[in-house]
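>>> Generate coordinates for the sequence data below:
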Amino acid sequence: MESDGEEEAAVTPGTATPAPVSGRLKGCPELSVDSDMREMAKTAAWSISSSKPGNGVSSLRDDSLDTYWQSDGAQPHLVNIQFQKKLQLQLVVIYVDFKLDESYTPSKISIRAGDGFHNLKVKPYRKELG
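Okay, the predicted model is just below:
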């Protein structure tokens, strides 16, 4: 399983480093995070079940529509996002492009949460297509 080599510290409210006002995906102005939300993905440890060379975690996380994660192995293909402490997330955004990816676009996505891999439970979510 490939892991994200970056270590990024969480921004604590009241510290000298301000949190970003909003998040925006480079190349796609329609995909943005409202200014009243904090982007928490940078505080997580990311890992994936497999990848083709050059298409790993860093390509998944680089905010560019020109790069992407490409799995390489048996299904299921997994993206694991682990936080150091329990969080309540309000929004999870997953960008897929069927016109570009065709047969590689996921046909089924599940979001699971728990205290560890031993007790993950599927969480309901609302799917919005643009």
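>>> in stretch 47-56, what's buried?
By 16 or more other C-beta atoms under 10 Å, the buried positions in stretch 47-56 come out as Ser47, Ile48, Ser49, Ser50, Ser51, Asn55, Gly56. Just so you know, the C-beta spots here come from the backbone N, C-alpha and C atoms, and that holds for glycine as well.
>>> mind checking the end-to-end distance for that stretch?
Start to finish, the residues bounding stretch 47-56 are 9 Å apart (C-alpha to C-alpha, to the nearest Å).
>>> got it, and stretch 119-127?
Terminal residues of stretch 119-127 lie 24 Å apart, using C-alpha to C-alpha.
>>> average model confidence for that stretch?
Across stretch 119-127, pLDDT averages out at 87.
>>> What lies in contact with it?
For stretch 119-127, the surrounding residues in contact (C-beta atoms under 8 Å, 6 or more residues apart in numbering) are Val92, Ser110, Ile111, Arg112, Ala113, Gly114.
>>> what about 10 Å?
Contacts of stretch 119-127 from elsewhere in the structure, counted by C-beta atoms under 10 Å, 6 or more residues apart in numbering, are Asn80, Leu89, Leu91, Val92, Ile94, Ile109, Ser110, Ile111, Arg112, Ala113, Gly114.
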